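K.L.:
Sequence plus predicted model, see below.
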Amino acid sequence: MEAVHNAASAEAAGDKVRTQSEAARALALVKSGLESYAGVARDRSDKGAIAVMNEYVYRPLRAKLVDLKKGTTTVNQPAVPRNRVQVDQSLSV
């Protein structure tokens, strides 16, 4: 979390080198954490948690790092594309 915060702060300050460095650090930490969790996963709920973290943490962070390296970052890009988010309308109050 700290590395992501540092990367965002560096990006806001316009420090491209530090942004890439912190984003790469964050990605490495997330990957390490997911691999460690996968090593001790006991049941389907553990595997599901790993899949969710992969989808909503690892992949968006990896995509952001690729964009940073290309120099094609998009301001306020959502972590999850809007067409991937589904809302169950039957739960309306």
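P.N.:
Structure received.
K.L.:
mind listing what's buried in the one helix or strand Ala28 maps to?
P.N.:
Element membership for Ala28 (DSSP states H and E) is helix 16-40. Within helix 16-40, the residues scored as buried using 16 or more other Cβ atoms under 10 Å are 19-24, 26-27, 30, 34. (Each C-beta comes from the backbone N, C-alpha and C, glycine too.)
K.L.:
Can you name the element that comes right after that helix?
P.N.:
Note on helix 16-40: by DSSP H and E, the next helix or strand toward the C-terminus is helix 44-53.
K.L.:
name the helices or strands packed onto that next one?
P.N.:
helix 16-40 (3 or more Cβ pairs under 8 Å, 6 or more residues apart in numbering; DSSP states H and E).
K.L.:
same for the helix it packs on, what does it pack against?
P.N.:
In terms of contacts (3+ Cβ pairs under 8 Å, 6+ apart), helix 16-40 is packed against helix 2-13, helix 44-53, helix 59-70.
K.L.:
Distance from the chain centre to it, please.
P.N.:
9 Å (Cα atoms, centre = their mean, to the nearest Å).
K.L.:
i'd like the first residue to be 45 from this point on
P.N.:
New numbering, starting at 45: the last item is helix 60-84.
K.L.:
Pull the residues that contact that helix.
P.N.:
By Cβ atoms under 8 Å, 6 or more residues apart in numbering, the list of residues contacting helix 60-84 from outside reads 47-48, 50-51, 54-55, 90, 93-94, 97-98, 101-102, 105-106, 108-109, 112-113, 115.
K.L.:
Now with 10 Å, please.
P.N.:
45-57, 59, 90-91, 93-95, 97-98, 101-103, 105-106, 108-113, 115, 117 (Cβ atoms under 10 Å, 6 or more residues apart in numbering).
K.L.:
what do you get for stretch 48-58?
P.N.:
59-71, 73-74, 101, 105, 108-109, 112, 117, 119.
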